[in-house]
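A.B. asks: The following comprises the amino acid sequence and a computationally predicted model.
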Amino acid sequence: MVPLQQHKEALKRQLLRVPVLKLPARKLEPCLTVLIMSSQELRQDVVKGILSDVYPNFNEKRAFRALVAPTLTRLHFARSEPPYFRLAPNARIWKQLDDKNAVAFLALVLFDFARVRLQLPADILPPIGGLREAAHDLGPTMVDRVRGLDSMLRYYYSKSKETESSIPLTLANTGAFRESHSELERLMTTSIPRDRTIAMDEVRYQVMKNMLSRAILASSFVVDEWVKQAIRGGILFPSRAAFASIDALTMEGYAINTVRLKPRV
């Protein structure tokens, strides 16, 4: 196979990881606002709010099922467990932030989803490149596939740059604890209760909340990589499950639904 064809095939494999996200970028924050306003996290309340405040001329199937739910669940903002539509870790952190940091966090979540979760290279993401441009030579079907995520990345990259100089919080990355096993252990032991089995979404949130108390924003996708590192280092013990729960972490082909801290020595 010639190098150009090899590159094209490799690019195609990368872009096939991108899920179809149909929610327009400008609708993400209004949808999150409706989500966090649902005190009982009931699906019917969220749907009612979406149809009232975000998509008044749409029905439930067109607005909630096609646009809102797939996007919020993919990005770890919500978990659909009928009759509930619950806040997931990224939404639980977002609701605690002021306007400027909230925008920075949304940009962080989106770029971590692309770079960390989907493992897309930086040269096809803003500001260097774009998913639609990368998909151009692969045909209109591929361009349509990546259009939603591409639009969100562009929109929030631009929006976050406008407030970048006034954001007081540091943005975390996957390599934060790569060289410090002791610091990673300290993070996990100060975030997670001992002698308890903890569901993955609660682990994500408690670690993210701990980091926020240190004036550091971390997305759930980066925390997942820290959890994997902690499991490999013997800090956390995973429970491998026969089936994946809605918040499961996939590691080396296994679904991990819960973890426990290692016992005190």
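C.D. replies: Good, I have the coordinates.
A.B. asks: Helices of the stretch 151-265 of the chain, start to end?
C.D. replies: Under the criterion DSSP state H, counting those that start in this stretch, the stretch 151-265 of the chain contains helices at 181-191, 200-213, 220-232.
A.B. asks: Could you spell out which stretches of this structure belong to which domain?
C.D. replies: If you go by automatic domain parsing, the domain ranges for the chain are 1-168, 170-261.
A.B. asks: Quick check: pLDDT value at the residue nearest in space to the middle of the chain.
C.D. replies: When the chain is reduced to its mean C-alpha position, the closest residue under C-alpha atoms, centre = their mean turns out to be Leu75, at 3.8 Å. At Leu75, the model reports a pLDDT of 98.
A.B. asks: Now for it: which residues touch it?
C.D. replies: Asn90, Val109, Leu110, Phe113 (C-beta atoms under 8 Å, 6 or more residues apart in numbering). In short, each C-beta sits where N, CA and C put it, glycine included.
A.B. asks: For the last one, give me the pLDDT.
C.D. replies: I take that to be Phe113. Note on Phe113: pLDDT of 98.
A.B. asks: repeat for the second one
C.D. replies: Predicted confidence (pLDDT) at Val109: the value is 98.
A.B. asks: can you tell me the helix or strand for it?
C.D. replies: Using DSSP states H and E, Val109 falls within helix 99-112.
A.B. asks: downstream neighbour of that helix in the secondary structure list?
C.D. replies: Using DSSP H and E, the helix or strand that follows helix 99-112 in sequence is helix 131-135.
A.B. asks: Quick one: list the elements packing against that next one.
C.D. replies: When contacts are defined as 3 or more C-beta pairs under 8 Å, 6 or more residues apart in numbering; DSSP states H and E, helix 131-135 packs onto helix 3-15, helix 140-163.
A.B. asks: Of all the residues in the shortest one, which ones are buried?
C.D. replies: When burial is assessed from 16 or more other C-beta atoms under 10 Å, helix 3-15 yields the following buried residues: Leu11, Gln14, Leu15.
A.B. asks: check contacts around the nearest residue to the second one once chain neighbours are set aside.
C.D. replies: For Gln14, the nearest residue in space outside its immediate sequence neighbours is Leu120; the separation is 5.9 Å by C-beta to C-beta, 6 or more residues apart in numbering. Taking C-beta under 8 Å, 6+ apart, we find Leu120 in contact with Gln14, Arg17, Val18, Ala114, Leu131.
A.B. asks: Would you agree the first one is in contact with Pro121?
C.D. replies: The reference is to Gln14. Yes: look at Gln14 against Pro121 with C-beta atoms under 8 Å: they come within range, at 7.1 Å.
A.B. asks: Pull up the per-residue confidence for the closest residue in space to Lys159 that isn't next to it in sequence.
C.D. replies: Nearest residue to Lys159, sequence neighbours excluded (C-beta to C-beta, 6+ apart): Val103, at 5.4 Å. Note for Val103: predicted pLDDT of 94.
A.B. asks: quick one: contacts for Val103?
C.D. replies: By C-beta under 8 Å, 6+ apart, Val103 lies in contact with Tyr156, Lys159, Ser160, Thr163.
A.B. asks: Residue ranges in the stretch 151-265 of the chain under the pLDDT threshold?
C.D. replies: Within the stretch 151-265 of the chain, the stretches with pLDDT under 70 are 165-167, 265.
A.B. asks: Quick check: the residue nearest to Gln14 vs Asp195, distance?
C.D. replies: For Leu120, the distance to Asp195 equals 39 Å [C-beta to C-beta, to the nearest Å].
A.B. asks: again, but for Leu118
C.D. replies: Leu118 is 36 Å from Asp195, by C-beta to C-beta.
A.B. asks: Between the two, which is the more surrounded one?
C.D. replies: Leu118 (17 against 8; other C-beta atoms under 10 Å).
A.B. asks: Could you find the closest non-adjacent residue to the more buried one?
C.D. replies: With C-beta to C-beta, 6+ apart, the residue lying closest to Leu118 is Arg17, at 4.6 Å.
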